[in-house]
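Participant: Dropping a prediction and its sequence here:
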Amino acid sequence: MAQSSASSGQRPSSTKTASFLFRCHVSLAQLYALSQYFTLVPAPNFAPFFCTPSRGSLRPLTNDFFSKAIKSLISSIGLSPSDFSPHSFRWGGTTFAFQAGVPEHLIQRHGDWHSDAHRHYFSLPLTQRTVVADLMAAGVMVS
């Protein structure tokens, strides 16, 4: 039996891609981003879905490669690369969505959480943490 392009990690044909993406309720912005990616990294249909040009050929984009690239970029702006990892995007993205008013159930679905674990990633901005501290201080003063 032939392996599907999704399970083989290969780029699907454009017809299969469009069909799959529309079944997944993908937005036009996401389709545009994917189109831009395929323009920047042209590859044959048998290439890995996410790949990067390297020494005249294409390499699969692995977690290790992505992690090293993130750390290199973080270092280039003067921050400590040991404080960041690809997992930082999960934390930052969840916090950003929360602060932007995205409903919790959508954040949970977007992050593929099947529990309330997404709540662990919510970070309150300093202004909100200050309000909490002020309210607690006011409560102490009243009691």
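Facilitator: Here it is on my side, so go on.
Participant: Need the three-state assignment for the residue positioned nearest the centre of the chain.
Facilitator: The residue lying closest to the centre of the chain (C-alpha atoms, centre = their mean) is F89, at 5.6 Å. Per DSSP: H, G, I helix; E, B strand; the rest coil, the local secondary structure of F89 is helix.
Participant: pLDDT wise, what is it at?
Facilitator: With respect to pLDDT, F89 scores 81.
Participant: do S123 as well
Facilitator: The model reports S123 with a pLDDT of 71.
Participant: Measure how buried it is and give me the count.
Facilitator: If you count neighbours by other C-beta atoms under 10 Å, S123 ends up with 14. Yep, even glycine has a C-beta here, placed from its N, CA and C like the rest.
Participant: now W113
Facilitator: For W113, the neighbour count with other C-beta under 10 Å is 15.
Participant: in a helix, that's where P53 is, yeah?
Facilitator: No - the assignment for P53 (three-state DSSP) gives strand, which keeps it out of a helix.
Participant: Could you point out which residue ranges in the protein have low pLDDT?
Facilitator: For the chain, the stretches with pLDDT under 70 are 1-26, 124, 142-143.
Participant: quick one: the helices in it?
Facilitator: Secondary structure of the chain (DSSP state H): helices at 5-8, 14-23, 28-40, 63-76, 88-99, 104-110, 126-142.
Participant: Quick check: which of these is buried the most?
Facilitator: helix 88-99 (a mean of 15; mean count of other C-beta atoms under 10 Å).
Participant: tell me which strands and helices that helix is in contact with?
Facilitator: Helices and strands touching helix 88-99, by 3 or more C-beta pairs under 8 Å, 6 or more residues apart in numbering; DSSP states H and E, are helix 104-110.
Participant: pretty sure H118 contacts Q108?
Facilitator: Yes - counting by C-beta atoms under 8 Å, H118 touches Q108, with 4.9 Å between them.
Participant: So what are the structural domains in the chain, by residue number?
Facilitator: Per the record, the chain has its domains at 5-51, 85-142, by automatic domain parsing.
Participant: could the helices of the chain be laid out in JSON lines, adding distance to P53?
Facilitator: Formatted as JSON lines, the helices of the chain follow (distance: least, C-beta to C-beta, whole Å):
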{"stretch": "helix 5-8", "distance to P53": "21"}
{"stretch": "helix 14-23", "distance to P53": "21"}
{"stretch": "helix 28-40", "distance to P53": "9"}
{"stretch": "helix 63-76", "distance to P53": "12"}
{"stretch": "helix 88-99", "distance to P53": "23"}
{"stretch": "helix 104-110", "distance to P53": "30"}
{"stretch": "helix 126-142", "distance to P53": "41"}
